[in-house]
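A.B. asks: I would like the atomic coordinates for the input below:
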Amino acid sequence: MLSANAEQRANIKFLTKLGKSATETYNLLTEVYGDQCLSRTQVFEWFKKFMEGRKNVGNDPKSGRPPTAKTPENVEKVARIVRRDRRLSIRAISELTNINKESVRQILHDDLGMKKVCAKVVPKILTPQQKEHRVNCYMWKNASWVLHHDNAPAHNALSVKRYLAKNNIPVMEHPPYSPDLAPCDFFLFPKIKSALKGTRFESVDAVKAKATQLLKSITQDDLQHCFQQWKIRMERCRDRGGDYIEGDNISTV
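C.D. replies: Below is the predicted model of the structure:
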């Protein structure tokens, strides 16, 4: 009996013989297997292999595979991937590294000391200096206004900082490793993902069109609610000495 993955590879092979495109193949597999479907990257890779003449649907033999996946090399490999993109799921990291999901989870939790906060990988335990930084960022005067944005590279660019300084625009610094305090992380992204969840799209353009529609549908009341939740989160972070507040019963939509 074929394994679940081998069965999907056999179907990919069949669909290539029918003349289907890689995108059509992936959409058909998703329709049949749902959440258990191979990732888009995997489907496209196997599609290419079968188009190039591959016959076997099984895994390639791995020579010299270590008895455990938690080797120093694999720990460093996972660390490099997480540093590039902290939003990757354990499943995605597993597929990129060819390390089983449980080993990836252990590497993230035990070896790298990380956990998920607002669907973003961050340090499991903040240092006293990081906690102090999170508290110190919560400062503004009554009846005053400040610009707040996260610490994305575009926001930290020298040209942006010079422009804001030139125009005397006050900026509230956003502390590193703080997705629980970033409105995009706790409000915007979950709101969009929740509306898109369970929907099947025919193309990437369809996804973009729907996402754009959802962004345009955000009301002034939604934004005001987001601001109030952001203020509550900042206050709780301050009151708790800079600890993460993830897990509190705070509404985000």
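A.B. asks: show me where the stretch 1-150 of the chain has strands.
C.D. replies: Under the criterion DSSP state E, counting those that start in this stretch, the stretch 1-150 of the chain contains strands at 114-117, 120-123, 147-148.
A.B. asks: Tabulate these (TSV), appending mean pLDDT, distance to residue 160 and mean neighbour count.
C.D. replies: Just so you know, the C-beta spots here come from the backbone N, C-alpha and C atoms, and that holds for glycine as well. Below are those laid out as TSV (pLDDT from 0 to 100; distance: least, C-beta to C-beta, whole Å; neighbours: other C-beta atoms under 10 Å):
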stretch	mean pLDDT	distance to residue 160	mean neighbour count
strand 114-117	86	26	19
strand 120-123	86	22	20
strand 147-148	86	11	14
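A.B. asks: how about those strands in JSON lines, adding distance to residue 18?
C.D. replies: Formatted as JSON lines, those follow (distance: least, C-beta to C-beta, whole Å):
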{"stretch": "strand 114-117", "distance to residue 18": "40"}
{"stretch": "strand 120-123", "distance to residue 18": "40"}
{"stretch": "strand 147-148", "distance to residue 18": "53"}
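A.B. asks: I'd like to know which of those lies nearest to residue 208.
C.D. replies: strand 120-123 (22.5 Å; C-beta to C-beta).
A.B. asks: mind listing what the closest one pairs with, with the direction of each?
C.D. replies: Neighbouring strands of strand 120-123 in its sheet, by DSSP bridges, are strand 114-117 (antiparallel).
A.B. asks: re earlier: and of the strands of the stretch 1-150 of the chain, who's closest to residue 37?
C.D. replies: Among the strands of the stretch 1-150 of the chain, strand 114-117 comes nearest to residue 37, with 22.8 Å by C-beta to C-beta.
A.B. asks: Need the contact partners of the closest one.
C.D. replies: If you take C-beta atoms under 8 Å, 6 or more residues apart in numbering as the criterion, strand 114-117 is touched by 82, 108, 109, 121, 122, 123, 124, 179, 180, 244, 246.
A.B. asks: Among the residues you listed, name the ones in helices.
C.D. replies: Under the assignment DSSP state H, the contacts of strand 114-117 contribute residue 82 to helices.
A.B. asks: Now the residue nearest the centre of the chain: closest residue in space that isn't a chain neighbour?
C.D. replies: Nearest residue to the geometric centre of the chain (C-alpha atoms, centre = their mean): residue 87, 2.2 Å. Excluding the flanking residues, the one nearest residue 87 by C-beta to C-beta, 6 or more residues apart in numbering is residue 120, at 5.7 Å.
A.B. asks: beta partners of the one you found?
C.D. replies: With DSSP bridges as the rule, residue 120 is bridged to residue 117.
A.B. asks: what residues are up against it?
C.D. replies: 86, 87, 179, 185.
A.B. asks: any idea how far residue 197 is from the last one?
C.D. replies: Translated: residue 185. Look at residue 185 and residue 197: by C-beta to C-beta, to the nearest Å, they are 17 Å apart.
A.B. asks: who has more neighbours, the two?
C.D. replies: Each of residue 185 and residue 197 has its neighbours counted (other C-beta atoms under 10 Å); residue 185 has more, 19 against 7.
A.B. asks: Pull up the gap between that one and residue 178, please.
C.D. replies: Taken as C-beta to C-beta, the span from residue 185 to residue 178 is 9 Å.
A.B. asks: Residue 54 now?
C.D. replies: From residue 54 to residue 178 the distance is 46 Å (C-beta to C-beta).
A.B. asks: Which one's more surrounded, those two?
C.D. replies: The residue with more neighbours, out of residue 54 and residue 178, is residue 178; 26 against 14, by other C-beta under 10 Å.
A.B. asks: Against residue 57, how distant is the more buried one?
C.D. replies: Taking C-beta to C-beta, one finds residue 178 at 45 Å from residue 57.
A.B. asks: same deal with residue 24?
C.D. replies: Taking C-beta to C-beta, one finds residue 24 at 19 Å from residue 57.
A.B. asks: what about these two, which has more around it?
C.D. replies: Comparing residue 24 with residue 57 by other C-beta under 10 Å, the one with more neighbours is residue 57, at 20 against 14.
A.B. asks: Having no further points to raise, I will conclude here.
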